[in-house]
Each structure stands twice: as C-alpha cells, then as structure tokens.
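**Q** got a predicted structure here, sequence first:
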Amino acid sequence: MSSILTNTSSMVALQTLRSINANLAKTQDEISTGKSVSSSKDNAAVWAISKVMEADVKGFKGISDSLSLGSSTVAVARQAAETITDLLTDIKGKIVTAQQENVDRAKIQTDISALRDQITSVTNAAQFNGQNLIKGTDAMSILSSLDRQAGGTVNASNIIVDRKDLSMDAGVLGTGTDLSPNATLSAASATNAGNTATLTLAADADVSGDAFSLTVGGATLTFAAGSITGDQDAAATAIGAAVNALGLVGVSASVSTNVVTFTSTRAFENVALTALKNGSATGATLSAATIAERAETLTFSASAAVNEGDGYQVTVGSTAYTYVAGKGESFEDVARGLKAAVDGGNITDVSTKVAQNASGQWVLKIDNNSASSVALARAGAAGGTASGGLFGLSGIDVKTAAGAEAALGNIETLIQNSIDAAASFGSADGRIDTQKSFIGKLTDALKNGIGSMVDADMEEASARLQALQTQQQLGIQSLSIANQAPQSILALFR
C-alpha cells in the first residue's frame, strides 16, 4: 500500500542518514582533537581513569622539580664538605711540620689560622636557596614520590638527608636530666706523682754466685755470677744504680735495704717489668708485671645511650670544658670532643688522650706534669645545643711542642668528621639522582598509558572518515529517492 501521508522509506533513509552524520561528527571530532575519549560522555570509565593518571603526571612533574632542588642543595653541601676535607688535610700537613724542633711554629700557626678562616668561609657560603646542610642538625626532607594505593589513597614518600654540622661552634650544656652517672672520674685531682712497682730480693748472705737479669720498659740488664758481691742489699743497690744509669725517660729506681722501687712518670704508657735470679723468679719477686701509666681517667658508660643534646663537662683546674653530642654520636665522639676542648685550653703541662679500656668503654685520660696538683670534676646534662662537627679546630695552637703534639691527634678526628659528612652527602646525592631518573621514566610510562586509553588511532579515523563521507552521500541520495516515491501516485490520477 502506498501512502502520501506516511513515507516509510523516507523515514528509514532519514534515520540512516542521521546515524551516518553522528558517526561522521564523532570521527571528525577524533581527528580534530586527536582523542578517541575527549569527554566523560565518550567513555565515562576510561575518561575517569585517564584524569586520575593525568593528575598523577602533574604531581610527578612537581616531584621532579623538588628532586632537582634537593639535588642542587645536596650537591652544594657535598662540594663544601669535600673542600673542607682538603683544607683540613692542608692543616694536618702544617701540624706535622710543627712537630719538628727547628721550625718557626709561629709562622706555621699563622698559616693554620688562615686555612681555618677559609673553612669558616666555606661553611657559611655552602647554601642553596637559603638551605645550608653543613650547619645545624635538623634533617632536610625532599618529596620523592606519590604512592597511590589500590583504594585510591595517596601517600607522599620523602628522602631524608641528615645535616652534617661542620661548624666550629661550641655546644651549650643543657639543664635537663643529670647525666653525670654515665661518666666516672678516677680521682678528684691529678698530680705529677709517678706510679710504682717493687722488686724484693730474698735474703741471701752471699750473692756472688748468683746471676740476675732484668727488663724495664724494653731495656734489659744482666748481671753474671760474680758481678755482684755481698748480700741481697748489695744486689738491690747494684740493680737500682744500673737502672738509673740507663737514663730511661720517666723511669727511675730507688733502694731501701733489699727492695728496689721502680717509679714511672710516663703519661699514657705502661712500663713492663721482668726480673729473674738464676733464671727463676724465685728470690726476685716483682709486685707487678707492669707499672701503670700516669693519668687520671674519665670513663664513660658501656651501656648508656648518647642522644642529641646530651652534654658532658670536665673541669680541669678552675676551667670547665664542655662537649654536647649531635645526632647519631657516641661516647667516642664525646670523649674526643672533650679532649679537643681541654687541649684547646692550652693548660701548661696538662695533656690528654682518648682510648678504649679492656671492657670496651671509652676513656678520656688526663695527665698532669706540672709541679702542683690540678683539681678535676665532671658533670653532664641532657637538653643542650650540640657542638659543631669541627669543634676544637679553633683551639688548635702549634706554637708550643705540647700544642703541636695535641693538635696532631685532634686533626685526625676533624678530618674523619668531614670525610664522613662528604660521604653521607655523596650517598644522598646519588639516591636523589636515581629517584629523579626513575620519576622521569615513570612519568613517560604514565603518559603512554594515558595515550593508549584516550588517543585516537589516526590511521583508522582517516579511513573511517572516507567511508562515512561516502555513506553520507549515498544516504542523501537514498533519502532523495525515498522522497520522490509519493510523486509516482500522481500518475494514477491522469
């Protein structure tokens, strides 16, 4: 049945043309925007995922900038620490030269002071955008990643770079918890008195048939049978005189009847003893195998912890010397810091040394070689301001032989501190560079992922455009033919 009111063919042709035009419009939009999903109506799920990933890409761009800033800051600190290490090495060379007797120590001290001033300049200038990692103790946090969890939660990750204080600042003793029980002082004063050991010879009316051998601090004495005549008292007198004749530095002998008393005033050095009569210790009895070193000791706990801000103080004479621990330091650092402080006081005839005892405890040894005793005291408290990593450098003075000797031990500690700082910054710098490279690759991967989801396939879109344009032309012709169909009914009325 034909109808002039309802043209079914025209309606079908029109719907087809509309569909073709819609597909053609979408294809043209893909070609013009380059995206197959340019809005949420194209594909809501894919569009939402792509927008989340695009937000992450922008975040990683900010992280890359943060890492670049952090890398520059750490690189400045590393270069400064390496420069300070070189300057400290130069200072060590000057100190070694000052160990000699026939040098102008005053001029050497002038050179050391100039190098020290240069270190101060480097320390103050080692900043990037106001951030100086070789002054102070607070760590620097660098944003390094954004970690998105499966549930959508985003957590920030950071690279923590510890500051390494290479200033010469003196610490400030706190007023917190009393820490003095962690440090034990051997005596309330240090004297110049030597330590002793005795050799007792057994009663013997005639020693002419006896042979004696003796070692004192590595020097050996021998008496063949017949070398000594008389009784045990005569033997003691002969042995004492022979020891004194050796001229051993800091070692002397005195005699009382049949007892020889050996006295050592050597600082920080034990004196070994052996004695034999006719090849046996029988008849020649020593009170000790060694004469203990002369020095009073400040012994630190083997079990207590050292926290940042823990300060310890030793008073020598009327002057208190303080060292306050920084982050991550130990009792070894405290002992060496106090040594540097006392040495910097340039107390006449007072010397120091740091060592570990048989129990593994760190010990500060203090020797007094002056004519009068020197009072000693100790204190400790938490909550102080940490001393600088190069604390003690300002107290180095090689104008005297004693000062040059003390400086040689202290400079090694300072050099090690600067080396540790440079190594720490180098490690952090390498980690930052690695993370920065990873973030760059991760950003590229995310961009590729986003592109694979939303970018249009231009070859396919181009081919589809050609096909749809052809379909559009055919649809128009089909609609035109369908619209002409009712006109054929006019022929029935002619």
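**A** The structure has been received and is ready for your questions.
**Q** Three-state assignment for Leu364, please.
**A** Secondary structure assignment for Leu364 (DSSP: H, G, I helix; E, B strand; the rest coil): strand.
**Q** Val46 against Val37, yeah?
**A** Yes. Under the criterion of CB atoms under 8 Å, Val46 makes contact with Val37 at 5.1 Å. Quick note: C-beta positions are derived from backbone N, CA and C, even for glycine.
**Q** so for the two, which residue has more residues nearby?
**A** Comparing Val46 with Val37 by other CB atoms under 10 Å, the one with more neighbours is Val37, at 20 against 15.
**Q** make sure that one is indeed in a strand.
**A** No. Val37 is assigned coil when assessed by three-state DSSP, not a strand.
**Q** next, the contact list for it, please.
**A** Asn43, Val46, Trp47, Ser50, Met453, Val454 (CB atoms under 8 Å, 6 or more residues apart in numbering).
**Q** from those, which has minimum pLDDT?
**A** In terms of pLDDT, Val454 ranks lowest among the contacts of Val37, with 73.
**Q** for that one, give its distance to Lys51.
**A** 10 Å (CB to CB, to the nearest Å).
**Q** equivalent analysis for Thr6, please.
**A** From Thr6 to Lys51 the distance is 47 Å (CB to CB).
**Q** and Asp210, by the same measure?
**A** Noted for Asp210: a distance of 104 Å to Lys51, by CB to CB.
**Q** neighbour count winner among these two?
**A** Ranked by neighbour count (other CB under 10 Å), Asp210 and Lys51 place Asp210 first, with 20 against 13.
**Q** please tell me I have it right and the more buried one contacts Ala225.
**A** Yes. Between Asp210 and Ala225 there is a contact at 6.1 Å, judged by CB under 8 Å.
**Q** Asn417: what's its closest spatial neighbour, skipping adjacent residues?
**A** In this structure, Asn417 finds its nearest non-sequential neighbour in Gly389, 4.6 Å apart by CB to CB, 6 or more residues apart in numbering.
**Q** ok, the one you found - how many residues close by?
**A** Gly389: 30 surrounding residues under other CB under 10 Å.
**Q** can you report phi and psi for it?
**A** phi -70, psi -20 (degrees, to the nearest 10).
**Q** show me what contacts it?
**A** Contacts of Gly389 by CB under 8 Å, 6+ apart are Ile134, Lys164, Asp165, Leu166, Ser167, Gly326, Leu414, Asn417, Ser418, Ala421.
**Q** which one of those has the most neighbours?
**A** Result: Leu166 is most packed of those (other CB under 10 Å), 29 neighbours.
**Q** so which strand or helix has Lys92?
**A** Remark: Lys92 resides in helix 44-97, with elements defined by DSSP states H and E.
**Q** by contact count, what packs against that helix?
**A** Contact analysis of helix 44-97 by 3 or more CB pairs under 8 Å, 6 or more residues apart in numbering; DSSP states H and E lists helix 105-125, strand 140-148, strand 154-161, helix 401-454 as its packing neighbours.
**Q** measure the residue nearest to Asn417 to Asn158 for me?
**A** Computed with CB to CB, the distance linking Gly389 and Asn158 is 24 Å.
**Q** what of Gln79?
**A** Distance of Gln79 to Asn158, computed by CB to CB: 23 Å.
**Q** what's the answer for Ile112, then?
**A** Here the criterion is CB to CB. By it, Ile112 lies 41 Å from Asn158.
**Q** so which of the two has more stuff around it?
**A** Ile112 (24 against 14).
**Q** where does pLDDT dip in the chain?
**A** For the chain, applying pLDDT under 70 flags the ranges 1-2, 33-34, 455, 457, 494.
**Q** take the helices and strands packed on helix 44-97 and lay them out in TSV including distance to Lys94.
**A** Formatted as TSV, the helices and strands packed on helix 44-97 follow (distance: least, CB to CB, whole Å):
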stretch	distance to Lys94
helix 105-125	5
strand 140-148	34
strand 154-161	33
helix 401-454	9
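**Q** so which of these is nearest Ser72?
**A** Closest to Ser72 of the helices and strands packed on helix 44-97 is helix 401-454 (CB to CB; 9.6 Å).
**Q** elements contacting the closest one?
**A** Secondary-structure packing of helix 401-454 (3+ CB pairs under 8 Å, 6+ apart): helix 44-97, strand 140-148, strand 154-161, helix 331-344, strand 350-356.
**Q** got the angle for it vs helix 105-125?
**A** Orientation check (axes from the mean of the first three to the mean of the last three CA atoms, to 10 degrees): helix 401-454 against helix 105-125 gives 20 degrees.
**Q** got the angle between helix 401-454 and helix 44-97?
**A** Going by the same axes, to 10 degrees, helix 401-454 makes 170 degrees with helix 44-97.
**Q** got the angle for helix 401-454 vs strand 154-161?
**A** 160 degrees.
**Q** C-terminal to helix 401-454, what's the next element?
**A** helix 458-484.
**Q** the nearest residue to Ala234 once chain neighbours are set aside: how many residues sit nearby?
**A** In space, and not counting its chain neighbours, Ala234 is closest to Ile228: 6.2 Å by CB to CB, 6+ apart. Close neighbours of Ile228, defined as other CB under 10 Å, add up to 22.
**Q** so Ile228 sits against Ala236, correct?
**A** No. Counting by CB under 8 Å, Ile228 does not reach Ala236; the two are 9.6 Å apart.
**Q** how many residues are close by Gly283?
**A** By the criterion of other CB under 10 Å, Gly283 has 19 neighbours.
**Q** and the helices in the stretch 201-350 of the chain?
**A** Along the stretch 201-350 of the chain, counting by DSSP state H, counting those that start in this stretch, helices occupy 232-245, 331-344.
**Q** turn the ones you listed into TSV, including mean neighbour count and distance to Glu101.
**A** Shown next, in TSV, are the helices of the stretch 201-350 of the chain (neighbours: other CB atoms under 10 Å; distance: least, CB to CB, whole Å):
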stretch	mean neighbour count	distance to Glu101
helix 232-245	19	26
helix 331-344	25	20
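**Q** tell me the contacts of Ser252?
**A** By CB under 8 Å, 6+ apart, the residues touching Ser252 are Gly194, Val243, Asn244, Phe262, Thr263.
**Q** list the beta-bridge partners for it.
**A** Thr263 (DSSP bridges).
**Q** likewise for Ser141?
**A** Residues in beta-bridge contact with Ser141 (DSSP bridges): Ile160.
**Q** contacts only, for it.
**A** Counting by CB under 8 Å, 6+ apart, Ser141 touches Asn158, Ile159, Ile160, Val161.
**Q** ok, so of those residues, who is nearest Leu17?
**A** Distance to Leu17 across the contacts of Ser141 (CB to CB) is lowest for Asn158, with 60.5 Å.
**Q** that closest one against Ala139, yeah?
**A** No. Here Asn158 does not reach Ala139: they are 9.9 Å apart, not a contact under CB under 8 Å.
**Q** re the thing from before, what would the helices of the stretch 201-350 of the chain look like in a markdown table with distance to Val271?
**A** Output for the helices of the stretch 201-350 of the chain, formatted as a markdown table (distance: least, CB to CB, whole Å):
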| stretch | distance to Val271 |
| --- | --- |
| helix 232-245 | 11 |
| helix 331-344 | 23 |
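**Q** and of those helices, who's closest to Val172?
**A** helix 331-344 (13.0 Å).
**Q** contacts for the closest one?
**A** 170, 182, 298, 300-301, 304, 306, 310, 312, 314, 316, 321-323, 325-326, 350-354, 361-364, 366, 387, 391-392, 394-397, 403, 406-407, 409-410, 413.
**Q** try it again at 7 Å.
**A** If you take CB atoms under 7 Å, 6 or more residues apart in numbering as the criterion, helix 331-344 is touched by 300, 306, 312, 314, 316, 321-323, 325, 352, 354, 362-364, 387, 391-392, 395, 406, 410, 413.
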